[in-house]
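Participant: For reference, the sequence and a predicted model appear below.
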Amino acid sequence: MPKAGVYRLRDLAIFLQGKCAVPRPDPTSPALRSPMSPTESAPTVAIVGCGAIAESYHLPALVRRSAVKERLILVDPSRDRATEMARRFGLSRTAESLDEVLDDLDGAVLAAPPALHVPLTLQCVRAGVHVLCEKPLAESGGEVEEILGEADRMGVVVGVNHNRRLAGASQLVKQALENGDLGTPRRIEYLQGAPFDWPAASGGYFGKSAGRGIVADLGSHCLDLICWWLGEKPKLVNYADDSRGGTEAVASIHLASGSCDIAVELSWLTRYANTYRIEGTAGVLRGQLFDQRSIIIEKNGRAEKRTAPKTRINEVMLDAFVAAVEGAAPPAVTASDVLPTIELLDECYANRQLLEESWYVNAAPLEVP
Amino acid sequence: MKTLVTGAGGFVGGRLVEILEADRPGSTLAGIRRWSTAARIGRLPVDIVQCDVMNPDQVAKHLPEVHQVVHCATGPGDVNVEGTRNVLQASLDAGVERVVHISTIALYGDKVGELTEDDAPELSGVPYADSKLRTEEVCREFVDRGLALSVVRPTIVYGPFSPNWTEEFAVRLQNRPWPFPRELSSGTCNLVYVDDLVAAIRLALTRPEAVGEVFNINGPEYPTWFEYFLALNRAMGLPPLESKSSLGSQVAAWGMKPVRAGAKFALARFGDQIMNLYKSSELAKKVMKGAEGAIRKSPTTGEFELYSKVISFPNTKAEQLLGYRPAVDMEAGVGRSVAWLKHSGFLDGGRPVRHA
């Protein structure tokens, strides 16, 4: 493992031990796998689902560690896609299904479409395989609890790729709130919108078969940050989106946490300000979503810019997962960490209202003679 | 009755799918080239298929289950001519009942005055317009071979999601000092609201009189461009629009001409290197954003030619053969457009306005 990676991992482990409650495997469990010592060979990990996120995020982070790369397996129902990715990243082993390789695995990175997250996670966990799952982990709190129960029984860890928690700016927000720099939060506004341009390799994101849209995708990030920042799950006040039977592309979420009013606006169709703003009784915090390192705090008539060190978030996330597989540290974000997020997501969809779009209603249907 | 819409991820194709699906649920096959364009139509319970018009096999694959095709897909290079040929050939082979091809009034080139379908299009040297003209020649070839095809030539299509005529002007009106000289904007703005265009397309799909015919499709009025700018500005609730001097505006346009040409050349020649520099250097990013902003805030000489042109496209033929009656006047269309702009974060600094 590269030396720099050791330092990053050690720093992350210290940070996480201080901040997160992570379920530890029960060492007395008969099903518990023996953690590997650092001198043993690297774990065998599979990436399940070779779409755009695997290509741009997980694979580059894993292949830079030669011992992990040597045993890395790519799984995708499209053999051509898996083979192409294997060729590009210099890997030798591919498979069309998880079943083919499950017995050989120590860990699995699940980057398949969201509808498969729960069944694949449970399949891995029940086989004693540690998991890092793409977000959202599940659709309901009940599903997360089932995963947690099974993981506890089998003595494996389940991490979730809620990588925005690892961004320096997000951590600065968390610190500012915990230190009381803003006083009591009164209002949070989170605006994220841009025309969808993710190079999706399949149609899994859209349409009647996809199910959930932007709220499960980008919304799971921002709701997770809000839950994490506040240290609790806010109450849902109102939720509306523009789904007319397919996947929502625009959503408006209104939450409340104590006396703090929270507005979240999301769009896959047009560009928003892409900012967040937290007003407290003692100051205002501002951040830009695409600036992952810095925030501005305005207080007593002065604006202070706070900047975190540079990090490669995918490397931190994947290194933490490999360390978790080796038994050395918990994953960066665990399944239990995201339980409030998933519950809140589910509440949004359960209380869905149609977003008002006056121009849409005015025009349809038309009469054709 | 199943209708395939090519280019369903675009402005007109997207609205057509929304209206068809609202009227006849389950009747539409939305064809897209890239999945990343599917977010808008993905809101509907509609069947979305990959249908790259440059891939004949991909096009042909979907046509056996289709009765009608509306060909909205457009693109650079050979996409208009060869892509259309692929769609029409596959439609002919599959025995599709009716096809509508979306063309443009841009193929009238530099002509002015009142233009009808009897006036011959002409090459203008503008790549988009010329490729659309050649595409119509392909359409005629397929009509001669027995395909039940109609061609619709819309004018200036505006409304929600219109990138050129709604979004762009909303940005410009907010980011003054983009000049809006009355004298140079006194030409005819042949506005057609997107829903009226969709109505015309649907009539062309169903009316037997439409087969083999070309239709210019316009809105119900003939405002000037400046009147359109005023209406949009007023509906957006912006400070009154004052006309700038035409001389100053022209000087600005001519002054930026070499900057535009240089930027275009550099992007075409060194696009990858420029993007890498943009990503790696804060200073370079600042300079490039500044240059982009300066370019965006100034008009082109070609734009003033367009806004000055006195030209009109009566709907007479579409009214007579299709029964087309545009229903959305400028005030109503601008009102709906601005409701969408507010909802979509174009006003109020990127913050969507709800329940406006």
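Facilitator: Done, it's in. Nothing here was measured: the structure is a model prediction, and the numbers come from that model. Numbering: from 1, shown residues only, chains lettered A, B, ... in the order given.
Participant: who touches the one residue in the stretch 101-250 of chain A that gets nearest to chain B in this structure?
Facilitator: In the stretch 101-250 of chain A, the residue that lies nearest chain B is A:Phe206 (2.9 Å; Cβ to the nearest Cβ). For the C-beta atoms, the positions are set from N, CA and C on the backbone; glycine is no exception. The neighbourhood of A:Phe206, defined by Cβ atoms under 8 Å, 6 or more residues apart in numbering or on different chains, consists of A:Gly213, A:Gly246, A:Thr247, B:Trp35, B:Ala38, B:Ala39, B:Ile41, B:Gly42, B:Ile48.
Participant: cool, A:Ala82 as well?
Facilitator: A:Ala82 neighbours (Cβ under 8 Å, 6+ apart): A:Cys50, A:Leu74, A:Val75, A:Asp76, A:Thr94, A:Ala95, A:Glu96.
Participant: Is it possible to get a markdown table of those that adds pLDDT and secondary structure?
Facilitator: Listed next are the contacts of A:Ala82 as a markdown table, based on pLDDT from 0 to 100; DSSP: H, G, I helix; E, B strand; the rest coil:
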| residue | pLDDT | secondary structure |
| --- | --- | --- |
| A:Cys50 | 95 | coil |
| A:Leu74 | 97 | strand |
| A:Val75 | 97 | strand |
| A:Asp76 | 96 | coil |
| A:Thr94 | 97 | strand |
| A:Ala95 | 97 | strand |
| A:Glu96 | 96 | coil |
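Participant: of the residues you listed, buried ones?
Facilitator: If you count burial by 16 or more other Cβ atoms under 10 Å in any protein chain shown, the buried members of these come out as A:Cys50, A:Leu74, A:Val75, A:Asp76, A:Thr94, A:Ala95.
Participant: Quick check, the second one in contact with A:Ser92.
Facilitator: It refers to A:Leu74. No: contact status for A:Leu74 versus A:Ser92: not in contact, 9.7 Å apart, counting by Cβ atoms under 8 Å.
Participant: so where do the helices sit in the chain?
Facilitator: In the absence of a named chain, this looks at chain A. For chain A, the helices defined by DSSP state H cover A:3-19, A:52-53, A:59-63, A:66-71, A:79-89, A:98-101, A:117-126, A:141-154, A:168-178, A:214-230, A:313-325, A:339-350, A:358-363.
Participant: I was thinking of chain B, sorry if that wasn't clear
Facilitator: With DSSP H as the criterion, chain B has helices spanning B:11-23, B:56-62, B:84-94, B:127-144, B:168-174, B:194-206, B:225-235, B:246-280, B:282-296, B:301-308, B:316-322, B:330-343.
Participant: possible to save these as TSV with mean pLDDT and distance to B:Pro154?
Facilitator: Listed next are the helices of chain B as TSV, based on pLDDT from 0 to 100; distance: least, Cβ to Cβ, whole Å:
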stretch	mean pLDDT	distance to B:Pro154
helix B:11-23	95	8
helix B:56-62	95	23
helix B:84-94	97	16
helix B:127-144	95	11
helix B:168-174	90	17
helix B:194-206	96	5
helix B:225-235	95	16
helix B:246-280	76	27
helix B:282-296	76	25
helix B:301-308	84	15
helix B:316-322	97	11
helix B:330-343	96	14
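Participant: Would you reformat the ones you listed as a markdown table and include distance to chain A and mean neighbour count?
Facilitator: Formatted as a markdown table, these follow (distance: least, Cβ to the nearest Cβ, whole Å; neighbours: other Cβ atoms under 10 Å in any protein chain shown):
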| stretch | distance to chain A | mean neighbour count |
| --- | --- | --- |
| helix B:11-23 | 4 | 24 |
| helix B:56-62 | 13 | 17 |
| helix B:84-94 | 21 | 21 |
| helix B:127-144 | 21 | 18 |
| helix B:168-174 | 10 | 18 |
| helix B:194-206 | 4 | 25 |
| helix B:225-235 | 12 | 20 |
| helix B:246-280 | 12 | 13 |
| helix B:282-296 | 11 | 12 |
| helix B:301-308 | 23 | 16 |
| helix B:316-322 | 9 | 18 |
| helix B:330-343 | 4 | 23 |
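Participant: Columns distance to A:Cys348 on top of the ones you listed, output as a markdown table?
Facilitator: Listed next are the helices of chain B as a markdown table, based on distance: least, Cβ to Cβ, whole Å:
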| stretch | distance to A:Cys348 |
| --- | --- |
| helix B:11-23 | 24 |
| helix B:56-62 | 35 |
| helix B:84-94 | 41 |
| helix B:127-144 | 43 |
| helix B:168-174 | 30 |
| helix B:194-206 | 31 |
| helix B:225-235 | 32 |
| helix B:246-280 | 35 |
| helix B:282-296 | 36 |
| helix B:301-308 | 44 |
| helix B:316-322 | 45 |
| helix B:330-343 | 19 |
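Participant: And the residue nearest to the spatial centre of chain B, how far from chain A?
Facilitator: In chain B, the centroid-proximal residue (Cα atoms, centre = their mean) is B:Val157; its distance is 5.8 Å. Distance check for B:Val157 against chain A: by Cβ to the nearest Cβ, to the nearest Å, it reads 14 Å.
Participant: quick one: contacts for residue 165?
Facilitator: Answering for chain A, as no chain was given. A:Gln171, A:Asp224, A:Leu225, A:Trp228, A:Ala332, A:Val333 are the contacts of A:Arg165 under Cβ under 8 Å, 6+ apart.
Participant: if you could check chain B rather than the one you did, that'd help
Facilitator: Counting by Cβ under 8 Å, 6+ apart, B:Trp165 makes contact with B:Ile156, B:Val157, B:Tyr158, B:Leu191.
Participant: go again using 7 Å as the cut-off
Facilitator: B:Ile156, B:Val157, B:Tyr158 (Cβ atoms under 7 Å, 6 or more residues apart in numbering or on different chains).
Participant: Repeat that for B:Val66.
Facilitator: Counting by Cβ under 7 Å, 6+ apart, B:Val66 has contacts B:Lys2, B:Thr3, B:Leu4, B:Leu29, B:Val96.
Participant: Dump the residues you listed into TSV; add pLDDT as well.
Facilitator: Putting the contacts of B:Val66 into TSV (pLDDT from 0 to 100) gives the following:
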residue	pLDDT
B:Lys2	95
B:Thr3	97
B:Leu4	98
B:Leu29	96
B:Val96	98
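Participant: Farthest-apart pair in those, please.
Facilitator: Greatest spacing in the contacts of B:Val66, by Cβ to Cβ: B:Leu29 and B:Val96 (11.7 Å).
Participant: Hmm, B:Val194 and the residue nearest to the centre of chain B touching each other?
Facilitator: Yes: counting by Cβ atoms under 7 Å, B:Val157 touches B:Val194, with 5.5 Å between them.
Participant: joint contacts of these two?
Facilitator: B:Val12.
Participant: hang on, the earlier thing: need the contacts of A:Arg165 in JSON lines with neighbour count, can you?
Facilitator: What follows is the contacts of A:Arg165, written out as JSON lines (neighbours: other Cβ atoms under 10 Å in any protein chain shown):
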{"residue": "A:Gln171", "neighbour count": "19"}
{"residue": "A:Asp224", "neighbour count": "26"}
{"residue": "A:Leu225", "neighbour count": "21"}
{"residue": "A:Trp228", "neighbour count": "24"}
{"residue": "A:Ala332", "neighbour count": "30"}
{"residue": "A:Val333", "neighbour count": "28"}
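Participant: Closest to B:Val69 out of these?
Facilitator: Among the contacts of A:Arg165, and counting by Cβ to Cβ, the member closest to B:Val69 is A:Asp224, at 44.0 Å.
Participant: Relative to A:Gly246, how far out is the closest one?
Facilitator: As judged by Cβ to Cβ, to the nearest Å, A:Asp224 and A:Gly246 stand 24 Å apart.
Participant: Can you give me the domain boundaries for the chain?
Facilitator: This is for chain A. Per automatic domain parsing, the structural domains of chain A span A:3-164+A:314-343, A:168-310.
Participant: meant chain B actually
Facilitator: Split by automatic domain parsing, chain B gives B:3-147, B:246-306.
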